[in-house]
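**Q** Predicted coordinates and the sequence they were generated for:
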Amino acid sequence: MKGLGPPTALLAGALLCAGCSGDDPGGTPAAGGGGGADGGAGSGGFSDAAIADASFPDAPADSSDAAPEAAGPCPSDMALVGAVCMDRYEAPNRAGELPLVMYSFDEAEAWCLARDKRLCFDDEWTHACSGPLELKYPYGDTHQPGICTDDKLWKTYEQSKLNGWPFTVSTPSVESLAQLFVDAKAKSITAANAADHVQWLYQAEPSGSKLNCVREEGIFDLTGNVEEWTQRRDGGTASFHGNLKGRYWAETRTCQNNITSHGDGFRFYEIGFRCCRDPAK
């Protein structure tokens, strides 16, 4: 596992492509999300109470908080897709939970490794999303807004506030988005302001709540919701080992799209991840 880079590396990554988190280096707002207008009324992020007390009956039930037992070659919270076991949901990989964000590639890798997993390779992720027919989206070749969480109104962010996110809270010990925000807000006033801003910007839906945004193997939210770190099968380059897949709540991209322009220390308010592991023999 690579060591976490210094804060200057993170800020350099943020300034390299401060708002786009994609392959549009100018940071153009998501076309599918209504342009660059502020969200305004009705589009706000989740409150502390909503995050801490999330209960979503539309999402598949999570059977237990205990460590999952093996179900064939994969644990029960994962599904076999081709030759790899993949988390059914974006981290923290529990139905009805809000996905984690503000993890760099290095931090996401550490979170997975702490659970005897790893970040998925980009080709594994693409295959899981597109299936044997190599579809453009998990549900077909024609984009349909709202089947996955990709039709939210884009909201204007403030990079200066995001830069106040504390470097020590996006750790493997975090088990929920609520815990992440609590830990961040406890660090300092600057960190609390950053966490408040991320919370206001946040528009992901609970994992699994979009019941048609799923592959037949039972992998949910591969496009939309939060953008996902994967590791590049070709190895990448020094300090650039990640490939961001799936885009996020205000814009979608195809299963085949790749975003490799962000360094290993880059984090953003809409970037999350999921984990993979090799099947049991």
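**A** Sure thing, it's come through.

**Q** counting residues per helix, which one in this structure is longest?
**A** helix 189-201 (DSSP state H).

**Q** can you pull the buried residues of that one?
**A** Residues of helix 189-201 classed as buried: 191, 192, 193, 194, 195, 196, 197, 198, 199, 200, 201 (neighbour count, 16 or more other Cβ atoms under 10 Å). Where you see a C-beta, it was placed from the backbone N, CA and C, and this is true even at glycine.

**Q** if I pick the second one, what's in contact with it?
**A** When you say that, I think you mean residue 192. Contacts for residue 192 (Cβ atoms under 8 Å, 6 or more residues apart in numbering) come out as 184, 185, 186.

**Q** sorry, back to before: figure out how far the longest helix of the chain is from the centre of its chain.
**A** From the chain centre to the centre of helix 189-201 is a distance of 18 Å (Cα atoms, centre = their mean, to the nearest Å).

**Q** Which one (most neighbours) among the contacts of residue 192?
**A** residue 184 (25 neighbours; other Cβ atoms under 10 Å).

**Q** from the contacts of residue 192, which ones fall inside helices?
**A** 184, 185.

**Q** can you redo the contacts of residue 192 as JSON lines with distance to residue 228 and pLDDT?
**A** Output for the contacts of residue 192, formatted as JSON lines (distance: Cβ to Cβ, whole Å; pLDDT from 0 to 100):
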{"residue": "184", "distance to residue 228": "21", "pLDDT": "98"}
{"residue": "185", "distance to residue 228": "25", "pLDDT": "98"}
{"residue": "186", "distance to residue 228": "27", "pLDDT": "98"}
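
**Q** Looking at the contacts of residue 192, which is nearest residue 253?
**A** Nearest to residue 253 among the contacts of residue 192: residue 184, at 28.4 Å, using Cβ to Cβ.

**Q** just the strands in the stretch 101-250 of the chain please.
**A** 118-119, 227-231, 242-245 (DSSP state E, counting those that start in this stretch).

**Q** re the thing from before, closest one to residue 274 out of the contacts of residue 192, please.
**A** Using Cβ to Cβ, the contacts of residue 192 come closest to residue 274 at residue 184, 21.5 Å.

**Q** ok, and the closest non-adjacent residue to residue 183?
**A** Spatial nearest neighbour of residue 183, excluding adjacent residues (Cβ to Cβ, 6 or more residues apart in numbering): residue 169 at 4.4 Å.

**Q** go on, residue 112?
**A** Excluding the flanking residues, the one nearest residue 112 by Cβ to Cβ, 6+ apart is residue 275, at 3.9 Å.

**Q** now residue 103
**A** Using Cβ to Cβ, 6+ apart, the nearest residue to residue 103 is residue 170, at 4.7 Å.

**Q** pretty sure that neighbour contacts residue 106?
**A** No: using Cβ atoms under 8 Å, residue 170 is not in contact with residue 106; the gap is 9.5 Å.
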